[in-house]
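Peer 1: 3D, please:
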Amino acid sequence: MALFHEDEKWLNKKIQEFNSKSGFSLRYSSAREKLIFPQDLFISFFKPLFQSITDSIKSEIKSNSDIKKLDYIFLIGGFNENKDLQEHIKSELEFTGAKFIIPNKAGLSVVMGATRFGLNPNTISTRKQTKSYATEITEVVTPSKPHTGKSIIKIRDIPHCQNVCDVFVHANQMVGCDEVFTRSYVPTSQDQKAIEISIFSSYMQTMSYTTDPGVQFIGELYVNIPNVGAPVNENRIDIEVCALHVKSGKEIRHSYDFALDEAESLRRNRLRQEKNKPPMVQLCLMMDCTGSMGSWIKESKEKIISLTGLLASSYVGLELNASFIGYRDITDSNRFEVVPFTTDMGYLASKINEAVPTGGGDTPEDITGAFLQVNNLSWKPTHTKLVVHVGDAPCHGKKYHNCVDSYPDGDPSGLVPEKLLQKLSSKSIDYYFIKITSQTDKMIEIFRKSYDSPQKKIVVHDLGSDVSKLLPSLVNFVQTSITRFTN
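Peer 2: This next block holds a predicted model:
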């Protein structure tokens with residue numbers, strides 16, 4: 001036998017030294033190759049734990065006036081079957097005068113109770129909640145709720161405070177197993193596409209803001225408006241959430257497993273915070289600037305300034321970067337109008353105003369060259385990205401149309417519009433087309449074959465000659481791309 005690279009003689013010597021100092025009679029059995037502990041030595045290992053249990057009970061009795069006088073002390077759980085622990089508790093708490101009740105096979109009773117509850121949850125009608133639970137809301141600032149010291153934002157010119165807790169269950173509250181708590185929430189704007197309901201918990205009875213220390217993110221429920229629909233989780237767990245769309249009467253149900261460790265809770269919260277950052281958008285307006293497009297250029301110049309304000313009502317803190325690519329025909333001297341991305345919509349409007357509607361010989365225009373200009377812009381991977389193409393004529397190449405074409409084989413430099421579109425798609429840039437005439441139909445169908453995928457397709461709005469619908473279309477396109485990028 002070898003222990004610590006020493007022989008049995010060395011081990012027995014160490015045991016004798018220990019026994020002489022401690023007064024115990026520890027010995028080693030060479031036949032069984034085991035250390036033999038006397039009972040009093042073995043129990044001494046657990047005495048600090050035993051003492052901490054009774055010290056905790058004494059402290060609670062001293063500080064809590066409701067339990068000054070105890071009639072009974074119940075010992076439950078598997079560890080309480082230990083006879084030495086029982087004797088220690090009886091000795092230490094004898095002063096209470098309470099009667100000690102120790103169930104037979106307490107560990108088995110716990111297992112049986114858990115099994116009964118699993119088979120029939122109605123066995124327990126109410127439970128005392130260890131945590132508080134709340135949804136995160138954006139609340140209107142009022143004299144009674146000034147939210148002093150918090151960052152205030154404006155939605156439709158009304159001051160609001162974000163990250164407010166709407167508590168629906170408080171810690172230590174008795175809650176029925178099937179009890180329902182109802183809350184009603186209103187979207188922040190009429191054209192809002194979805195509501196995200198985030199749920200938080202805390203061991204504190206009072207929850208004020210989700211950013212406070214001790215408040216933990218649990219999960220979220222994403223509700224489309226008005227098309228509500230999502231998979232149902234039938235597992236019986238702590239809380240089942242049901243969201244009802246009042247106007248349509250449709251509902252969505254979901255369940256949350258709140259048995260999270262701190263690391264998982266922090267991970268989910270990081271994802272939520274990343275997703276809930278104010279949107280950053282890059283919008284490129286790509287427009288035919290030949291003679292027939294004067295009214296569209298004028299409408300773009302007049303309405304582009306309004307775009308940021310309209311989007312800000314739905315997206316607090318939105319950062320909109322917009323650019324303009326105007327194109328004419330291959331032989332025109334002023335072939336392109338290029339305005340790089342800018343957050344200054346006034347500046348962008350002034351540059352669009354400089355785009356004179358002129359040029360264009362045959363019917364097709366230099367759309368292929370415009371795609372190249374769009375690809376050369378400084379696109380950022382962190383932003384929602386989209387191109388809105390406004391044009392009343394197709395690109396060069398007879399396969400794209402049935403018009404007279406000075407370049408029937410396509411772009412004379414060898415550029416292919418489909419390949420440039422594929423580059424846009426690879427950069428996660430959404431492509432929207434505003435249709436003005438049917439002359440572009442064949443071109444768009446060919447474009448679809450190279451651009452469309454199950455995740456992303458070309459979106460076409462047929463506006464005809466109605467220039468007043470340009471701004472609503474731009475708002476809709478940006479909202480659609482933000483939702484797609486966030487999801």
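
Peer 1: Give me the distance between residue 403 and residue 414.
Peer 2: Distance, residue 403 to residue 414, by CB to CB, to the nearest Å: 21 Å. Bear in mind the C-beta positions are built from the backbone N, C-alpha and C, glycine included.

Peer 1: Looking at these two, which has the bigger crowd around it?
Peer 2: Looking at residue 403 and residue 414 with other CB atoms under 10 Å, you find the greater number of neighbours at residue 403, namely 14 against 8.

Peer 1: any idea which element residue 338 lies in?
Peer 2: strand 336-342 (DSSP states H and E).

Peer 1: likewise residue 160?
Peer 2: Here residue 160 is assigned to strand 158-169, by DSSP H and E.

Peer 1: Then residue 139?
Peer 2: strand 132-140.

Peer 1: Tell me the helices and strands packed up against that strand.
Peer 2: Contacts defined by 3 or more CB pairs under 8 Å, 6 or more residues apart in numbering; DSSP states H and E place strand 132-140 against strand 158-169, strand 194-202.

Peer 1: residues touching residue 365, list them.
Peer 2: 288, 290, 327, 328, 329, 391, 393, 394, 395, 396 (CB atoms under 8 Å, 6 or more residues apart in numbering).

Peer 1: actually residue 428, not the one I wrote
Peer 2: Counted by CB under 8 Å, 6+ apart, residue 428 has contacts 381, 385, 485.

Peer 1: Nearest to residue 323 among those residues?
Peer 2: Within the contacts of residue 428, the smallest distance to residue 323 is 10.8 Å, found for residue 385 (CB to CB).

Peer 1: ok, which stretches of the stretch 351-487 of the chain are strands?
Peer 2: Taking DSSP state E, counting those that start in this stretch as the test, the strands found in the stretch 351-487 of the chain are 384-391, 429-435, 459-462.

Peer 1: Among these, which comes closest to residue 369?
Peer 2: Closest to residue 369 of the strands of the stretch 351-487 of the chain, according to CB to CB: strand 384-391, at 12.7 Å.

Peer 1: Need the contact partners of the closest one.
Peer 2: Identification of contacts with strand 384-391 by CB under 8 Å, 6+ apart yields 279-288, 293, 296, 300, 365, 367, 374, 379, 424, 427-434, 436, 440, 470, 473-474, 477-478, 481-482, 484-485.

Peer 1: what's the angle between that strand and strand 429-435?
Peer 2: 20 degrees (axes from the mean of the first three to the mean of the last three CA atoms, to 10 degrees).

Peer 1: Could you double-check that residue 432 lies in contact with residue 456?
Peer 2: No: at 11.2 Å, residue 432 does not count as touching residue 456 under the criterion of CB atoms under 8 Å.

Peer 1: Compare those two and say which is more crowded by neighbours.
Peer 2: Using other CB under 10 Å, the more surrounded residue of residue 432 and residue 456 is residue 432, with 22 against 15.

Peer 1: and residue 118, what helix or strand is that in?
Peer 2: Following DSSP H and E, one finds residue 118 within helix 106-119.

Peer 1: Tell me the helices and strands packed up against that helix.
Peer 2: Under the contact criterion of 3+ CB pairs under 8 Å, 6+ apart, helix 106-119 touches no helix or strand at all.

Peer 1: same question for it, mean pLDDT?
Peer 2: Regarding helix 106-119, the rounded mean pLDDT is 78.

Peer 1: gap between it and the chain center?
Peer 2: Taking CA atoms, centre = their mean, to the nearest Å, one finds the center of helix 106-119 at 37 Å from the center of the full chain.

Peer 1: Look at residue 263 and report its pLDDT.
Peer 2: So residue 263 comes in at 70 (pLDDT).

Peer 1: helix or strand right after the helix or strand where it lies?
Peer 2: In this structure, residue 263 sits in helix 262-275 according to DSSP H and E. Counting by DSSP H and E, the next helix or strand C-terminal to helix 262-275 is strand 280-288.

Peer 1: what angle sits between that next one and strand 336-342?
Peer 2: Going by the same axes, to 10 degrees, strand 280-288 makes 170 degrees with strand 336-342.

Peer 1: could you give the angle of the strand holding residue 160 to strand 194-202?
Peer 2: Inter-element angle recorded for strand 158-169 and strand 194-202: 50 degrees (by the same axes, to 10 degrees).

Peer 1: Would you mind listing the buried residues in strand 158-169?
Peer 2: Buried positions in strand 158-169, judged by neighbour count with 16 or more other CB atoms under 10 Å: 160, 161, 162, 163, 164, 165, 167, 168, 169.

Peer 1: and if you look at stretch 374-381?
Peer 2: Those would be 374, 377, 379, for stretch 374-381 by 16+ other CB under 10 Å.

Peer 1: ditto for stretch 206-225
Peer 2: 207-210, 215-223.

Peer 1: Can I get that stretch in CSV? Just the C-alpha atoms.
Peer 2: In CSV, the C-alpha atoms belonging to stretch 206-225 read as follows (Å, rounded to 0.1, in the frame of the first residue of the first chain):
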residue,chain,number,x,y,z
THR,A,206,-40.6,46.6,-5.3
MET,A,207,-39.5,46.9,-8.9
SER,A,208,-39.3,50.4,-10.4
TYR,A,209,-37.0,50.3,-13.5
THR,A,210,-35.6,47.3,-15.4
THR,A,211,-32.2,49.0,-15.3
ASP,A,212,-32.1,48.9,-11.5
PRO,A,213,-29.6,46.6,-9.7
GLY,A,214,-31.2,43.2,-8.8
VAL,A,215,-33.7,43.2,-11.7
GLN,A,216,-33.1,40.3,-14.1
PHE,A,217,-34.3,39.9,-17.7
ILE,A,218,-36.3,36.6,-18.2
GLY,A,219,-37.7,36.5,-21.7
GLU,A,220,-39.8,38.3,-24.3
LEU,A,221,-42.9,37.9,-26.3
TYR,A,222,-43.0,39.3,-29.9
VAL,A,223,-46.6,40.1,-31.0
ASN,A,224,-47.3,41.0,-34.6
ILE,A,225,-50.0,43.6,-35.3
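
Peer 1: For the lengthiest helix in the chain, enumerate the helices and strands it packs against.
Peer 2: Looking across the chain with DSSP state H, the single longest helix is helix 294-312. Secondary-structure packing of helix 294-312 (3+ CB pairs under 8 Å, 6+ apart): strand 280-288, strand 319-327, helix 345-353, helix 470-486.

Peer 1: mind listing what's buried in that helix?
Peer 2: Within helix 294-312, judged by 16+ other CB under 10 Å, the buried ones are 296, 297, 299, 300, 301, 303, 304, 307, 310, 311, 312.

Peer 1: do the same with stretch 457-477
Peer 2: 458-461, 463, 467, 470-471, 473-477.

Peer 1: What mean pLDDT does that stretch get?
Peer 2: 91.

Peer 1: Alpha carbons of that stretch, in PDB - could you do that?
Peer 2: Output of stretch 457-477 as PDB, limited to C-alpha atoms (Å, rounded to 0.1, in the frame of the first residue of the first chain):
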ATOM      1  CA  LYS A 457     -37.600  39.100 -52.400                       C
ATOM      2  CA  ILE A 458     -37.900  42.200 -54.600                       C
ATOM      3  CA  VAL A 459     -40.800  44.300 -53.400                       C
ATOM      4  CA  VAL A 460     -42.700  46.300 -56.100                       C
ATOM      5  CA  HIS A 461     -45.100  49.200 -55.400                       C
ATOM      6  CA  ASP A 462     -47.100  50.100 -58.400                       C
ATOM      7  CA  LEU A 463     -47.700  53.900 -58.000                       C
ATOM      8  CA  GLY A 464     -48.300  54.800 -61.600                       C
ATOM      9  CA  SER A 465     -48.200  58.500 -61.900                       C
ATOM     10  CA  ASP A 466     -49.200  59.200 -58.300                       C
ATOM     11  CA  VAL A 467     -46.200  61.000 -56.900                       C
ATOM     12  CA  SER A 468     -47.900  61.700 -53.600                       C
ATOM     13  CA  LYS A 469     -47.500  58.000 -52.600                       C
ATOM     14  CA  LEU A 470     -43.700  58.200 -52.800                       C
ATOM     15  CA  LEU A 471     -43.200  59.300 -49.100                       C
ATOM     16  CA  PRO A 472     -45.700  56.700 -47.600                       C
ATOM     17  CA  SER A 473     -43.900  54.000 -49.700                       C
ATOM     18  CA  LEU A 474     -40.500  55.100 -48.400                       C
ATOM     19  CA  VAL A 475     -41.700  54.900 -44.800                       C
ATOM     20  CA  ASN A 476     -43.200  51.500 -45.400                       C
ATOM     21  CA  PHE A 477     -40.000  50.200 -47.000                       C
END
